[in-house]
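*Asks:* have a look at this prediction, sequence included:
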Amino acid sequence: MDKDFEGWCSEKEIALTRINNVLSKVDERPIDGSEALEELLNRGTEGRREPGYKEAANELREVIRDVCRVYLTATSDQRVGIRGVLKGRLSIVFQLREYQTTASEHIHSPDDLEWLLIGLAAVSIEDRAIDYRDTYPLLARLYIQAARSAIDPDPYFAQVASISSQERNLFGGISVSEIITGFSDKESGLYKQLVEPYL
């Protein structure tokens, strides 16, 4: 990795560590079974009203968007480094998942292509850290929203699939690259079930 990227990556890691320390106080408090569901939900809602949480969450969105932009043009080694910066930070991974949803909500015209790419990059960076089956509807939403907004999603899905991890999990589960590819393959079950009926 070149020194400029290493410096950028170090800067982001410091920022993400600080942000994670704030977010995790709310997002990762243990659930011990002593609280009713309503109490748990209220606790989370109240915590998210804390000034420090809102500021950290807003900053995180900016950091993630910057990381996604760099990821798309990074080298293979640099992409591995970027995924490593986020690995194991549960509160940040969940915020990254939320960003994937946000991206689809910003796609309304061909001018919003960057949001499609950012959403796809966010999926690639997350790399199945959360149940990969939850990734299917998010990718379907990105594809459908892009297609409805006069953007051909196929080349961009193929582009991001080609730079995504091809590593399968210990049980042979599908890689994130294969998941993304499945949405640009018109013969795949993913496309036929989750995309085609809604175009």
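*Replies:* Sure, I can see it. Predicted, not measured: the structure shown is a model, and the values here were computed from it.

*Asks:* quick one, helices of the protein?
*Replies:* 3-27, 37-47, 51-73, 76-86, 90-105, 113-126, 135-148, 154-163, 176-182, 189-194 (DSSP state H).

*Asks:* flag the shaky bits of this structure, pLDDT-wise.
*Replies:* 1-2, 26-50, 169-172 (pLDDT under 70).

*Asks:* how far away is residue 91 from residue 52?
*Replies:* Distance of residue 91 to residue 52, given as CB to CB, to the nearest Å: 13 Å. (Glycine included, C-beta is placed from N, CA and C.)

*Asks:* okay, the closest residue in space to residue 68 that isn't next to it in sequence and residue 84: tell me how far apart.
*Replies:* Take residue 68 and drop its neighbours on the chain: the residue closest to it by CB to CB, 6 or more residues apart in numbering is residue 121, 3.9 Å away. Residue 121 sits at a distance of 15 Å from residue 84 (criterion: CB to CB).

*Asks:* higher neighbour count, the two?
*Replies:* Using other CB atoms under 10 Å, the more surrounded residue of residue 121 and residue 84 is residue 121, with 27 against 11.

*Asks:* OK, contacts around the more buried one?
*Replies:* Residues counted as contacts of residue 121 (CB atoms under 8 Å, 6 or more residues apart in numbering) are 68-69, 71-72, 160.

*Asks:* mind doing that once more with 7 Å?
*Replies:* Going by CB atoms under 7 Å, 6 or more residues apart in numbering, residue 121 touches 68, 71-72, 160.
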